[in-house]
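[1] Structure for the following, please:
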Amino acid sequence: MVDGELQVVRDALRAHVEALAVDIGPRTPFTASSLELAATYIQSVLVDAGYAVTEQPYQYLDYRVANIIGTSAAAAEASDFYVVGAHYDTVPTTRGADDNASAVAVMLELARRVSRARLKAPVLFVAFTLEEPPAHLTRHQGSRVFVRQCQESGNRVRGAIILEMVGYTSPRQQYPFISRWPGYPAEGDFIGIIGNWRSRQFGHTILRGFHNNARLPVESLFVPFNGWILPATRLSDHAAFWDAGWPALMVTDTAFFRNPNYHLPSDTIDTLDFDFMAELVMSLELALFELPASPVNNTVAIC
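    Here you go, the predicted structure:
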């Protein structure tokens, strides 16, 4: 990505985060109209980029909430597809700039950049609601609603790329249990890709695209037993796909292993690294062009 193009993407990412984390702020069903305002913004960006946008509404307690799905013309008639997703809600204690406005912003800018591209495979862009507690890990979590309705529809999902906190860099990187895992960097300037063992083939396809962008370091980890032996690897919407037996990856800045502002009022726009986020858009774009036109082996699941 040349400098001028990088600046355009960086400015667009900042505008998205400002709309979500500054203008709206905390995005929960308990803060009047905040989720609706965020959903409306996401819909408007996807529509402007040329996508057909649908809501997947459902009831949570006394609240109406909805996942937002963007479908390109090329994917409109597809009976199977990939998913790029990010949750747009927050916990009540934060404006959620990194968690998860950064990821929504990257998803929206990626969607805009590939809206007229000739990808070999159909891709849906999905903004999930209610990833955060108290709905987290319940049947009301937005990604689990999406998975359930997908199972009922008879469509096919080839793999999901879930963006979770992707905007924070740090001179120091922590890891589960110990301060540094052998072979992994001490500095938090890389993007992480986390998959389960079923997702390894899908993950290596995505990594092939990431490795074509030398400006963004990437590290990967594939865990057995759907991540239950390392529970921190399950703490986002990709786990809903794992639990259904479908390939899925979490793309992340590693959340609280790097970002001290996790779920706090200090998770604000001024803490984000927009150059890092812009390079992630480029890496994801390159990765989407690696997706095969046809399903490969058992990476396809009936849903």
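
[2] need the contact list for the nearest residue to residue 100 once chain neighbours are set aside.
    Of all residues not flanking residue 100 in the chain, residue 87 sits nearest, at 5.2 Å (CB to CB, 6 or more residues apart in numbering). C-betas here are computed from N, CA, C, even on glycine. Residues counted as contacts of residue 87 (CB atoms under 8 Å, 6 or more residues apart in numbering) are 100, 103-104, 127-132, 142-143, 164, 236-237.

[3] Mind picking the one among those residues that's closest to residue 197?
    Of all these, residue 197 sits closest to residue 236, with 17.7 Å by CB to CB.

[4] Hmm, the closest one is touching residue 166, no?
    No - counting by CB atoms under 8 Å, residue 236 stays clear of residue 166, with 11.2 Å between them.

[5] Contacts only, for residue 168.
    98, 102, 188, 253, 258, 259, 261, 271, 272, 273.

[6] which stretches of the stretch 151-300 of the chain form helices?
    Under the criterion DSSP state H, counting those that start in this stretch, the stretch 151-300 of the chain contains helices at 200-210, 238-243, 274-288.

[7] Can you list the buried residues in the first one?
    It refers to helix 200-210. Neighbour counts over helix 200-210 (16 or more other CB atoms under 10 Å) mark 202, 203, 205, 206, 207, 209, 210 as buried.

[8] quick one: average pLDDT of it?
    Mean per-residue pLDDT for helix 200-210: 97.

[9] Next: the longest one.
    pLDDT averaged over helix 274-288 equals 98, rounded to a whole number.

[10] name the helices or strands packed onto that helix?
    helix 3-17, strand 80-87, helix 103-114, strand 191-196, helix 200-210 (3 or more CB pairs under 8 Å, 6 or more residues apart in numbering; DSSP states H and E).

[11] between it and strand 80-87, how big is the angle?
    170 degrees (axes from the mean of the first three to the mean of the last three CA atoms, to 10 degrees).

[12] Kindly calculate the angle that helix 274-288 makes with strand 191-196.
    Following the same axes, to 10 degrees, one obtains 40 degrees for the angle between helix 274-288 and strand 191-196.

[13] contacts for helix 274-288?
    1, 6, 9-10, 13-14, 82, 84, 102, 105-106, 109-110, 113-114, 117, 119, 121, 123, 161, 166-167, 169, 189, 191, 205-210, 212-213, 215-216, 218, 251, 253.

[14] For the stretch 1-150 of the chain, which segments count as strands?
    Ranges of strands in the stretch 1-150 of the chain, per DSSP state E, counting those that start in this stretch, are 52-60, 63-71, 80-87, 123-128.

[15] The first one - contacts with which helices or strands?
    Packing contacts for strand 52-60, counted by 3+ CB pairs under 8 Å, 6+ apart, involve helix 34-48, strand 63-71, helix 142-153.

[16] Please render the ones you listed as TSV that adds mean neighbour count, distance to residue 21 and mean pLDDT to the earlier fields.
    Formatted as TSV, the helices and strands packed on strand 52-60 follow (neighbours: other CB atoms under 10 Å; distance: least, CB to CB, whole Å; pLDDT from 0 to 100):
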stretch	mean neighbour count	distance to residue 21	mean pLDDT
helix 34-48	19	10	98
strand 63-71	20	17	96
helix 142-153	19	19	94
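
[17] Nearest to residue 293, out of those?
    strand 63-71 (17.7 Å).

[18] buried set for stretch 127-147?
    Buried-residue list, stretch 127-147, by 16+ other CB under 10 Å: 127-132, 135-136, 140-147.

[19] Then stretch 12-28?
    Of the residues in stretch 12-28, those buried (16+ other CB under 10 Å) are 12-14, 16-17, 19-21, 24-28.

[20] which outside residues touch that stretch?
    Outside stretch 12-28, the residues touching it (CB under 8 Å, 6+ apart) are 31, 34-35, 37-38, 41, 45, 88-97, 101-102, 104-106, 108-109, 112, 132, 167, 267-269, 272, 274, 277-278, 281.

[21] May I see the ChimeraX selection of the buried members of these?
    Here is the ChimeraX command that selects the buried residues among the contacts of stretch 12-28 (16+ other CB under 10 Å):
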select :34,35,37,38,41,45,88,89,90,91,94,95,96,97,101,102,104,105,106,108,109,112,132,167,267,268,269,272,274,277,278,281
